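1. Got a sequence here, can you model it:
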Amino acid sequence: MDVKLIAAVLVTAATASAALAQGPSTEKLKADAQKVVKIISSDSAKVQVYCETMDLSDQMDDAEDANDSAKAEGLRKKIDELNQKLGPEYLKLVQDLEGIESNSRDGQEIGRTLDALDKLCK
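-> I've put the predicted structure just below:
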């Protein structure tokens, strides 16, 4: 899974509402990820927002590496605002992915599905 995507997911997950006690099945998560990719990729405005989010996520990583917590927090807030524009399906997916290990087989498969969005930013 792309590092930028992981960072964006973690940033959103950190500020999302608490997850349900029992999350959805991994099959449902895979289907939800495909749905989110379809929704975002079919809307040029959402693609632009997604790409901007990825760019800000890189900047936030740099700020964290430089121990600039004030800058990182400001960027985190901007990312959260942009994530709202990506729609409720995206926000729910991010929240649901909170319990999935990115290195697990399911996490990697979902990550590959979401990588399709990163390709739109290049």
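2. can you give me how far stretch 92-100 is from the chain middle?
-> 9 Å (CA atoms, centre = their mean, to the nearest Å).
3. What's the mean pLDDT across it?
-> Mean pLDDT, stretch 92-100: 89.
4. Just the CA atoms of it, as CSV, please.
-> Below are the C-alpha coordinates for stretch 92-100, written out as CSV (Å, rounded to 0.1, in the frame of the first residue of the first chain):
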residue,chain,number,x,y,z
LYS,A,92,-16.9,5.4,6.5
LEU,A,93,-14.4,3.3,4.7
VAL,A,94,-11.5,5.0,6.4
GLN,A,95,-13.2,4.5,9.8
ASP,A,96,-13.9,0.9,9.0
LEU,A,97,-10.3,0.3,7.9
GLU,A,98,-9.1,1.3,11.3
GLY,A,99,-9.1,-2.3,12.5
ILE,A,100,-7.4,-3.8,9.5
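5. tell me which residues in that stretch are buried?
-> Applying a neighbour-count criterion of 16 or more other CB atoms under 10 Å, one finds Lys92, Leu93, Val94, Gln95, Asp96, Leu97, Ile100 buried in stretch 92-100. No exception for glycine: its C-beta is placed from N, CA and C like everyone else's.
6. for these, which one is nearest Asp43?
-> Using CB to CB, Leu93 is the member of those that lies nearest Asp43, at 15.7 Å.
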